[in-house]
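In: Sequence first, predicted model second:
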Amino acid sequence: MEIVKFVSFVVRLGLLLALVGQLKFCTLMMMGLASEKSQKGIMSYSKYTKQLTGR
């Protein structure tokens, strides 16, 4: 019974570490994309609103 708990713990820990690594990768990727966009200039509020509400 203790072995099952230990294996379950190891599997959960592995999944958690995999998700944290993936989260870190996605965050770094989004930071890079945001910096590229900010170098081109900030979008006006009215244009942003039109893109959100337009179809």
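Out: Looks like it arrived, so ask away.

In: element containing the residue nearest in space to the middle of the chain, please.
Out: Centroid check for the chain by CA atoms, centre = their mean gives Cys26 as the closest residue, at 4.0 Å. In this structure, Cys26 sits in helix 2-39 according to DSSP states H and E.

In: any idea how far the helix or strand that comes right after that helix is from the chain center?
Out: Under the assignment DSSP H and E, the closest C-terminal helix or strand after helix 2-39 is helix 45-53. Here the centre of helix 45-53 is set off from its chain's centre by 24 Å, with CA atoms, centre = their mean, to the nearest Å.

In: what comes up buried for helix 45-53?
Out: When burial is assessed from 16 or more other CB atoms under 10 Å, helix 45-53 yields no buried residues. C-betas here are computed from N, CA, C, even on glycine.

In: Can I get it in PDB, CA atoms only?
Out: What follows is helix 45-53 as a C-alpha-only set of coordinates in PDB (Å, rounded to 0.1, in the frame of the first residue of the first chain):
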ATOM      1  CA  TYR A  45      -8.000  52.600 -27.700                       C
ATOM      2  CA  SER A  46     -10.700  53.200 -30.400                       C
ATOM      3  CA  LYS A  47      -9.000  50.800 -32.800                       C
ATOM      4  CA  TYR A  48      -8.700  48.200 -30.000                       C
ATOM      5  CA  THR A  49     -12.400  48.600 -29.100                       C
ATOM      6  CA  LYS A  50     -13.400  48.200 -32.700                       C
ATOM      7  CA  GLN A  51     -11.400  45.000 -33.000                       C
ATOM      8  CA  LEU A  52     -13.000  43.600 -29.900                       C
ATOM      9  CA  THR A  53     -16.600  44.400 -30.800                       C
END
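
In: do you know how far Ser46 is from Ala34?
Out: The spacing between Ser46 and Ala34, counted by CB to CB, to the nearest Å, is 21 Å.
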